[in-house]
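Chemist: My questions concern the predicted model and sequence given below.
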Amino acid sequence: MNKKEKRKYDKENYQKNKEKIINQHKEWEEKNPNYHKKYREKNANKINISNKIQYEKDKEKRKEYSKKWRKENPKKAKSHGLAKHRIKIPKGQLCESCKIKKAIDKHHKDYNKPLEVIFLCRGCHRKIHQKMKGGK
């Protein structure tokens, strides 16, 4: 079985057994709550090197994507730029959605008002964009 066939098989298998696989994963996570944290601590140097290599490898691809996106979304690009340089997230600011985690992102509800943003944690920001795209 080649790589492409294996990927197809894995995808089909996941779709057939989605609930079972998700439950197994949740059980494993509950039994091993600190596994990922310990792994990252133990392998921090290895992970940093790998990330740097990947960053350099994809640098041009990201540049081209950003350039294309800015050209296709001029209003959004302008709003992002203004917010980035003129609005700082206050120190200790909590997410305006969950009010639990620290805010690290700025989100525009209306791109016609580029200096009106809400401060969100990464998880809540992702959820908002998933809903906007018609996701869960």
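Modeler: Yep, that arrived.

Chemist: where exactly do the helices run in the chain?
Modeler: 3-16, 18-31, 35-42, 44-72, 74-86, 122-132 (DSSP state H).

Chemist: Please render these as TSV that adds mean pLDDT and distance to Ser97 to the earlier fields.
Modeler: In this view, the C-beta of every residue, glycine as well, is placed from N, C-alpha and C. TSV is the format used below for the helices of the chain (pLDDT from 0 to 100; distance: least, C-beta to C-beta, whole Å):
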stretch	mean pLDDT	distance to Ser97
helix 3-16	93	30
helix 18-31	93	24
helix 35-42	91	24
helix 44-72	92	25
helix 74-86	94	17
helix 122-132	92	4
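
Chemist: And those: which comes nearest Asp110?
Modeler: Asp110 sits nearest to helix 74-86 of all these, at 8.9 Å, using C-beta to C-beta.

Chemist: quick revisit: got the helices of the chain as JSON lines, with distance to Lys109 and mean neighbour count columns?
Modeler: Converted to JSON lines, the helices of the chain look like this (distance: least, C-beta to C-beta, whole Å; neighbours: other C-beta atoms under 10 Å):
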{"stretch": "helix 3-16", "distance to Lys109": "35", "mean neighbour count": "10"}
{"stretch": "helix 18-31", "distance to Lys109": "32", "mean neighbour count": "10"}
{"stretch": "helix 35-42", "distance to Lys109": "33", "mean neighbour count": "10"}
{"stretch": "helix 44-72", "distance to Lys109": "20", "mean neighbour count": "10"}
{"stretch": "helix 74-86", "distance to Lys109": "11", "mean neighbour count": "13"}
{"stretch": "helix 122-132", "distance to Lys109": "9", "mean neighbour count": "14"}
